[in-house]
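In: Starting from these lines, generate the structure:
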Amino acid sequence: MHLRLLLISHAATAAMRSGRFPSDDALDERGIEATQAWRPRIEAMQAAAAFRSTAVCVGETARLLNLEAAIAPALAEIDFGRWTGQRLADVAAAEPDALATWLSDPQAAPHGGESFGALVARVGAWLDALPHTSGTVIALTHASVIRAAILHALGAPLSAHARIEVAPLSLAELRRSARGWSWITSPQDSVS
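Out: Numbering: from 1, shown residues only. The predicted model follows:
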(Lines give C-alpha, C1' and ligand atoms only; values in the text may rest on other atoms or scores of the structure.)
Protein backbone atom coordinates (compact mmCIF):
# COMPACT_ATOMS: atom_id res chain seq x y z
CA MET A 1 0.00 0.00 0.00
CA HIS A 2 1.27 3.42 -0.93
CA LEU A 3 -0.13 6.74 0.20
CA ARG A 4 0.65 9.48 -2.32
CA LEU A 5 0.69 12.96 -0.75
CA LEU A 6 0.76 15.95 -3.09
CA LEU A 7 1.84 19.06 -1.19
CA ILE A 8 0.92 22.20 -3.12
CA SER A 9 2.04 25.69 -2.12
CA HIS A 10 -0.55 28.45 -2.38
CA ALA A 11 -0.41 31.07 -5.11
CA ALA A 12 1.51 34.32 -4.65
CA THR A 13 0.37 37.30 -2.61
CA ALA A 14 1.36 40.96 -2.77
CA ALA A 15 3.16 40.53 0.57
CA MET A 16 5.32 37.76 -0.88
CA ARG A 17 6.24 39.90 -3.88
CA SER A 18 7.21 42.80 -1.60
CA GLY A 19 9.40 40.66 0.68
CA ARG A 20 7.12 40.69 3.72
CA PHE A 21 6.56 38.01 6.31
CA PRO A 22 3.05 36.62 5.69
CA SER A 23 0.10 38.13 7.51
CA ASP A 24 -2.91 36.08 6.36
CA ASP A 25 -2.87 37.90 3.03
CA ALA A 26 -5.16 37.52 0.04
CA LEU A 27 -3.89 36.47 -3.38
CA ASP A 28 -2.84 39.24 -5.74
CA GLU A 29 -4.06 39.47 -9.34
CA ARG A 30 -1.10 37.56 -10.74
CA GLY A 31 -1.61 34.85 -8.14
CA ILE A 32 -5.28 34.56 -9.10
CA GLU A 33 -4.41 34.23 -12.80
CA ALA A 34 -1.73 31.62 -12.10
CA THR A 35 -4.14 29.61 -9.96
CA GLN A 36 -6.81 29.61 -12.66
CA ALA A 37 -4.23 28.29 -15.13
CA TRP A 38 -3.42 25.45 -12.68
CA ARG A 39 -7.04 24.30 -12.30
CA PRO A 40 -6.92 21.59 -15.04
CA ARG A 41 -3.86 20.01 -13.35
CA ILE A 42 -5.68 19.73 -10.03
CA GLU A 43 -8.84 18.36 -11.62
CA ALA A 44 -6.76 15.60 -13.25
CA MET A 45 -5.26 14.45 -9.92
CA GLN A 46 -8.35 12.61 -8.65
CA ALA A 47 -7.53 12.78 -4.97
CA ALA A 48 -9.32 10.67 -2.37
CA ALA A 49 -8.98 13.49 0.17
CA ALA A 50 -7.77 17.07 0.36
CA PHE A 51 -6.64 19.24 3.27
CA ARG A 52 -5.63 22.88 3.63
CA SER A 53 -4.50 25.49 6.10
CA THR A 54 -6.89 28.17 7.34
CA ALA A 55 -5.00 31.07 5.70
CA VAL A 56 -6.93 33.38 3.38
CA CYS A 57 -4.48 32.86 0.50
CA VAL A 58 -4.80 29.08 0.81
CA GLY A 59 -8.60 29.26 0.97
CA GLU A 60 -8.67 31.44 -2.14
CA THR A 61 -6.28 29.08 -3.92
CA ALA A 62 -8.52 26.10 -3.04
CA ARG A 63 -11.65 27.93 -4.21
CA LEU A 64 -10.06 28.92 -7.53
CA LEU A 65 -8.90 25.33 -8.03
CA ASN A 66 -12.42 24.08 -7.24
CA LEU A 67 -10.85 21.92 -4.53
CA GLU A 68 -12.99 20.90 -1.56
CA ALA A 69 -10.45 20.65 1.24
CA ALA A 70 -10.88 20.03 4.94
CA ILE A 71 -9.07 22.34 7.35
CA ALA A 72 -5.96 20.80 8.91
CA PRO A 73 -4.49 23.11 11.59
CA ALA A 74 -1.09 21.38 11.26
CA LEU A 75 -0.81 22.83 7.73
CA ALA A 76 -0.79 26.43 9.03
CA GLU A 77 2.05 28.78 8.13
CA ILE A 78 4.89 29.03 10.62
CA ASP A 79 4.12 31.69 13.25
CA PHE A 80 6.43 34.64 12.60
CA GLY A 81 5.51 36.34 15.87
CA ARG A 82 6.16 40.08 15.95
CA TRP A 83 7.72 39.93 12.45
CA THR A 84 4.34 39.06 10.91
CA GLY A 85 3.55 41.52 8.12
CA GLN A 86 6.95 43.26 8.30
CA ARG A 87 9.35 43.55 5.40
CA LEU A 88 12.37 41.28 5.70
CA ALA A 89 14.63 44.26 4.90
CA ASP A 90 13.14 46.24 7.79
CA VAL A 91 13.63 43.33 10.22
CA ALA A 92 17.22 42.95 8.98
CA ALA A 93 17.85 46.64 9.69
CA ALA A 94 16.13 46.69 13.10
CA GLU A 95 17.11 43.25 14.44
CA PRO A 96 20.11 41.98 12.46
CA ASP A 97 21.35 39.62 15.19
CA ALA A 98 17.91 38.14 15.82
CA LEU A 99 17.33 37.60 12.10
CA ALA A 100 20.77 36.00 11.67
CA THR A 101 20.05 33.67 14.59
CA TRP A 102 16.65 32.70 13.19
CA LEU A 103 18.11 32.02 9.75
CA SER A 104 20.96 29.87 11.08
CA ASP A 105 19.38 28.08 14.06
CA PRO A 106 16.21 26.08 13.28
CA GLN A 107 15.39 25.87 17.01
CA ALA A 108 15.44 29.65 17.48
CA ALA A 109 12.34 31.85 17.56
CA PRO A 110 13.64 35.33 18.40
CA HIS A 111 10.47 36.86 16.93
CA GLY A 112 8.37 35.31 19.69
CA GLY A 113 6.62 32.95 17.27
CA GLU A 114 7.40 29.39 16.25
CA SER A 115 10.82 27.91 15.51
CA PHE A 116 11.38 25.89 12.35
CA GLY A 117 12.09 22.88 14.55
CA ALA A 118 8.66 23.23 16.16
CA LEU A 119 7.11 23.49 12.69
CA VAL A 120 8.83 20.27 11.57
CA ALA A 121 7.52 18.49 14.69
CA ARG A 122 3.97 19.75 14.04
CA VAL A 123 3.99 18.81 10.35
CA GLY A 124 5.74 15.49 10.99
CA ALA A 125 3.08 14.48 13.52
CA TRP A 126 0.37 15.28 10.95
CA LEU A 127 2.15 13.29 8.24
CA ASP A 128 2.61 10.27 10.47
CA ALA A 129 -1.05 10.39 11.57
CA LEU A 130 -2.37 10.12 8.00
CA PRO A 131 -4.17 6.80 7.46
CA HIS A 132 -2.08 3.88 6.22
CA THR A 133 -4.12 3.39 3.07
CA SER A 134 -3.54 3.58 -0.65
CA GLY A 135 -4.60 6.60 -2.66
CA THR A 136 -3.79 10.20 -3.35
CA VAL A 137 -4.16 13.01 -0.81
CA ILE A 138 -3.70 16.71 -1.61
CA ALA A 139 -2.43 19.16 1.01
CA LEU A 140 -2.72 22.82 0.01
CA THR A 141 -0.41 24.80 2.26
CA HIS A 142 2.62 27.10 2.60
CA ALA A 143 6.25 26.89 1.46
CA SER A 144 7.49 26.58 5.05
CA VAL A 145 5.18 23.61 5.68
CA ILE A 146 6.34 21.88 2.51
CA ARG A 147 10.00 22.36 3.53
CA ALA A 148 9.16 20.89 6.94
CA ALA A 149 7.37 17.91 5.37
CA ILE A 150 10.32 17.15 3.09
CA LEU A 151 12.79 17.27 5.98
CA HIS A 152 10.58 15.00 8.08
CA ALA A 153 10.09 12.54 5.21
CA LEU A 154 13.81 12.31 4.57
CA GLY A 155 14.90 12.39 8.20
CA ALA A 156 17.17 15.23 7.10
CA PRO A 157 18.82 17.59 9.58
CA LEU A 158 16.83 20.70 10.44
CA SER A 159 19.75 22.82 9.30
CA ALA A 160 18.88 21.88 5.70
CA HIS A 161 15.64 23.90 5.85
CA ALA A 162 17.24 27.01 4.38
CA ARG A 163 18.39 25.07 1.32
CA ILE A 164 14.93 24.05 0.13
CA GLU A 165 13.17 26.58 -2.10
CA VAL A 166 9.44 26.26 -2.68
CA ALA A 167 7.83 28.57 -5.24
CA PRO A 168 4.17 29.59 -5.26
CA LEU A 169 1.93 26.96 -6.86
CA SER A 170 4.62 24.32 -6.82
CA LEU A 171 4.11 20.68 -6.00
CA ALA A 172 6.13 18.28 -3.87
CA GLU A 173 5.19 14.62 -3.86
CA LEU A 174 5.74 12.36 -0.87
CA ARG A 175 4.88 8.67 -0.79
CA ARG A 176 4.54 6.45 2.23
CA SER A 177 5.18 2.74 1.91
CA ALA A 178 6.21 0.00 4.30
CA ARG A 179 9.72 1.51 4.43
CA GLY A 180 8.45 4.98 5.38
CA TRP A 181 8.20 8.30 3.58
CA SER A 182 10.00 9.09 0.31
CA TRP A 183 10.26 12.32 -1.65
CA ILE A 184 9.37 11.70 -5.29
CA THR A 185 10.38 13.86 -8.23
CA SER A 186 8.72 13.53 -11.60
CA PRO A 187 8.49 15.42 -14.87
CA GLN A 188 6.21 18.43 -14.55
CA ASP A 189 3.49 17.04 -16.80
CA SER A 190 3.22 13.64 -15.10
CA VAL A 191 1.51 14.52 -11.80
CA SER A 192 -1.89 13.24 -12.82
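
In: which ones are touching residue 119?
Out: By CB atoms under 8 Å, 6 or more residues apart in numbering, the residues touching residue 119 are 78, 144, 145, 148. Placement of C-beta: from N, CA and C, glycine included.

In: same thing with residue 141?
Out: Residue 141 makes contact with 7, 8, 9, 10, 52, 53, 58, 75, according to CB under 8 Å, 6+ apart.

In: returning to what we had before: by neighbours, which of the contacts of residue 119 wins?
Out: Neighbour counts for the contacts of residue 119 (other CB atoms under 10 Å) peak at residue 148, which has 30 neighbours.

In: where's that residue, which helix or strand?
Out: helix 143-154 (DSSP states H and E).

In: Mind giving me the packing neighbours of the next helix or strand after that helix?
Out: Per DSSP H and E, the first helix or strand lying C-terminal to helix 143-154 is strand 171-177. Applying 3 or more CB pairs under 8 Å, 6 or more residues apart in numbering; DSSP states H and E, we find strand 171-177 packed against strand 3-9, helix 143-154, strand 180-184.

In: how about the second one: buried residues?
Out: Spelled out, that is helix 143-154. 143, 144, 145, 146, 147, 148, 149, 150, 151, 152, 153 (16 or more other CB atoms under 10 Å).

In: What is the nearest of those to residue 181?
Out: Distance to residue 181, by CB to CB, is smallest for residue 153 among the buried residues of helix 143-154, at 3.6 Å.

In: still on that earlier bit, could you dump the helices and strands packed on strand 171-177 into TSV and include mean pLDDT?
Out: As requested, the helices and strands packed on strand 171-177 are exported to TSV (pLDDT from 0 to 100):
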stretch	mean pLDDT
strand 3-9	95
helix 143-154	96
strand 180-184	91
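
In: so which of the ones you listed gets nearest residue 31?
Out: Closest to residue 31 of those is strand 3-9 (CB to CB; 11.0 Å).

In: And the closest one, what's buried?
Out: 3, 4, 5, 6, 7, 8, 9.

In: How far off centre is the helix or strand just after it?
Out: With elements assigned by DSSP H and E, the helix or strand that comes after strand 3-9 is helix 14-17. The chain centroid and the centroid of helix 14-17 are separated by 16 Å under CA atoms, centre = their mean, to the nearest Å.
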